[in-house]
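Q: Model the following, please.
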Amino acid sequence: MQNLQDFFTTNHMEEVLQSLNTIPWVFDFKRNVITSNLAYIDTKYSHGQTINHQDFEEFIESILPEYREKMLEIYSQVKNGIVTRTSIQMQMRMGEKKQPVWVEMHIVVKEKDSNGITTKAVGCTAIIQSRKEMDEN
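A: All right, here's what the predicted structure looks like:
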């Protein structure tokens, strides 16, 4: 049997992310930029380059208006070191047609400066559209 260390290699983690339709990302609070890897999601949600750099303002604009305030509240709490781990379910526009889809975003603080202000967070965004559609039925 394969040992656990071997299981958690990059190749296996890629397979896990792909099976969950999940986008891993890093948020640089100093530059206010999210860098994500779109290689693990269905192509109906993303085409083109797999590595994507997006300004936070552009990211916020992709979120449906009714979820923006909550996302901005989470941003503030994470940046100011109030929370170090959180998640949110929301709808945002993705794909060529910019259709709204349900996502679940998980955020973990990775680095803070000497004042306790977050400088880097990591996380993932899972597309949960199918799950939400099943819950409605």
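
Q: what helix or strand does residue 76 sit in?
A: Assignment of secondary structure by DSSP states H and E places residue 76 within helix 65-79.

Q: so what's residue 116 up against?
A: Going by Cβ atoms under 8 Å, 6 or more residues apart in numbering, residue 116 touches 80-81. C-beta: built from backbone N, CA, C; applies to glycine.

Q: Now do the SS call for it.
A: coil (DSSP: H, G, I helix; E, B strand; the rest coil).

Q: Return the distance of it relative to residue 78.
A: The gap separating residue 116 from residue 78 is 12 Å, by Cβ to Cβ, to the nearest Å.

Q: thinking again about what came up before, show me what counts as buried in the following helix or strand past the helix holding residue 76.
A: Downstream of helix 65-79, the next assigned helix or strand under DSSP H and E is strand 85-94. Using 16 or more other Cβ atoms under 10 Å as the test for burial, strand 85-94 gives 86, 88, 90-92, 94.

Q: Identify the residues contacting strand 85-94?
A: Outside strand 85-94, the residues within contact range by Cβ under 8 Å, 6+ apart are 45-46, 62-64, 66-67, 70-71, 74, 77-78, 99-109, 127-128.

Q: Quick check: buried residues in the helix holding residue 76?
A: Those would be 67, 71, 74-75, 78-79, for helix 65-79 by 16+ other Cβ under 10 Å.

Q: Which neighbouring elements make contact with it?
A: With contacts taken as 3 or more Cβ pairs under 8 Å, 6 or more residues apart in numbering; DSSP states H and E, helix 65-79 sits against helix 56-62, strand 85-94, strand 99-112, strand 118-127.

Q: All set, thanks.
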